[in-house]
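Undergrad: coords below, sequence missing:
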């Protein structure tokens, strides 16, 4: 896949003879001349997608078991040909991740039934793939492979995800594949804020890599998530949350007061010791003593 890479010139006919060649996606380049496909092409070739180039003619076999797309080239746009290779690929598909024999169980407002038959608030968004190796959006194999890859990724990275769902594959105006994604929480009906942040990072940082057999680079646009499990817990029992907050606050205040009192006590003792060293008369009680003044130094010195 070399899409929109400014490739120029004709495509060599021998290029399609490469062994094990399965997919040729060279859309949005500047390839020109006659596209020639000889009899000795790879027996594994499935797709030749040269949309939006400058191909002026097509010379290939009358019948072939692979797809050729030349929409957006002079060979189609300027000649008015109606051959199969001048018809755009399907723009929509009815694919949606199937449910696993779920019994009739309507979900509450805002919740969605997951493929594993649980009602929840999934994290949703749109995957936009800049390139794919298939043209038939009605083929379910790529989507099933992508689902398996996503589920395996979330499990291996220990993210709180139970399963994923894919739906409504379609092409946008730029012929990029769009795919709706739903990520369902594990063990509860909604995600907390930390989990949503981790999921957003996984897609924005391209930590998750889609199966290269079918999908190329992608961009994920997440929908706003409003049903955080953190918020649900507070709304269900606000009085309990207030009581817990007050108890914690009182404990912290008591601890600070104890520390302050202990600090004052230490400072007072330190000041008393300093006073004794600098002024020996400060703590002398003449009523309890014999009336004599405390003596300092040796007796011999006092007699002199």
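TA: Looks like it came in fine. Note that the structure is predicted; figures quoted are calculated from it, not measured.
Undergrad: tell me which stretches of the stretch 51-200 of the chain form helices.
TA: Counting by DSSP state H, counting those that start in this stretch, residue ranges of the helices within the stretch 51-200 of the chain are 74-77, 141-156, 193-204.
Undergrad: and the shortest one, what does it pack onto?
TA: When you say that, I think you mean helix 74-77. In terms of contacts (3 or more C-beta pairs under 8 Å, 6 or more residues apart in numbering; DSSP states H and E), helix 74-77 is packed against strand 54-59. C-beta here means a position set from N, CA and C on the backbone, and glycine is covered the same way.
Undergrad: can you list the buried residues in the strand it packs on?
TA: Along strand 54-59, these residues count as buried under the neighbour rule (16 or more other C-beta atoms under 10 Å): 54-55, 58.
Undergrad: need the residues you listed in TSV (columns: distance to residue 264 and pLDDT).
TA: Below are those laid out as TSV (distance: C-beta to C-beta, whole Å; pLDDT from 0 to 100):
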residue	distance to residue 264	pLDDT
54	87	95
55	89	95
58	94	94
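Undergrad: ok, so of those residues, who is nearest residue 41?
TA: Minimum distance to residue 41 across those is 14.1 Å, recorded for residue 58 (C-beta to C-beta).
Undergrad: for the residue nearest to that closest one when sequence neighbours are not counted, pull up the helix or strand it's in.
TA: Of all residues not flanking residue 58 in the chain, residue 35 sits nearest, at 5.0 Å (C-beta to C-beta, 6 or more residues apart in numbering). Of the helices and strands defined by DSSP states H and E, residue 35 is found in strand 30-36.
Undergrad: what angle do that strand and strand 54-59 make?
TA: Here the directions of strand 30-36 and strand 54-59 differ by 10 degrees (axes from the mean of the first three to the mean of the last three C-alpha atoms, to 10 degrees).
Undergrad: okay, now the sheet partners of strand 30-36, with direction.
TA: Sheet partners assigned to strand 30-36 using DSSP bridges are listed as strand 8-9 (parallel), strand 54-59 (parallel).
Undergrad: now render the ones you listed as TSV, adding distance to residue 2.
TA: As requested, these are exported to TSV (distance: least, C-beta to C-beta, whole Å):
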stretch	distance to residue 2
strand 8-9	12
strand 54-59	15
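Undergrad: out of those, which gets nearest to residue 253?
TA: From the strands paired with strand 30-36, taking C-beta to C-beta, the stretch that ends up closest is strand 8-9, at 74.9 Å.
Undergrad: which secondary structure elements does the longest strand along the chain sit against?
TA: In terms of residue count, the longest strand belonging to the chain (DSSP state E) is strand 161-171. Of the remaining helices and strands, those touching strand 161-171 by 3+ C-beta pairs under 8 Å, 6+ apart are helix 141-156, strand 177-185.
Undergrad: out of those, deepest packed?
TA: A comparison of the helices and strands packed on strand 161-171 by mean neighbour count, using mean count of other C-beta atoms under 10 Å, puts strand 177-185 on top with a mean of 22.
Undergrad: and that strand, what other elements does it pack with?
TA: Looks like strand 177-185 contacts strand 123-129, helix 141-156, strand 161-171 (3+ C-beta pairs under 8 Å, 6+ apart).
Undergrad: residues contacting the last one, please?
TA: Residues outside strand 161-171 that contact it (C-beta atoms under 8 Å, 6 or more residues apart in numbering) are 89, 91-93, 95-97, 114-116, 118, 120, 122, 137, 143, 146-147, 150-151, 154-155, 177-187, 199.
Undergrad: and the angle from that strand to strand 123-129?
TA: Using the same axes, to 10 degrees, strand 161-171 lies at 40 degrees relative to strand 123-129.
Undergrad: what comes up buried for strand 161-171?
TA: Applying a neighbour-count criterion of 16+ other C-beta under 10 Å, one finds 161-166, 169, 171 buried in strand 161-171.
Undergrad: quick check: the farthest pair among those residues?
TA: Every pair in the buried residues of strand 161-171 was compared (C-beta to C-beta); the two farthest apart turn out to be 162 and 171, at 30.0 Å.
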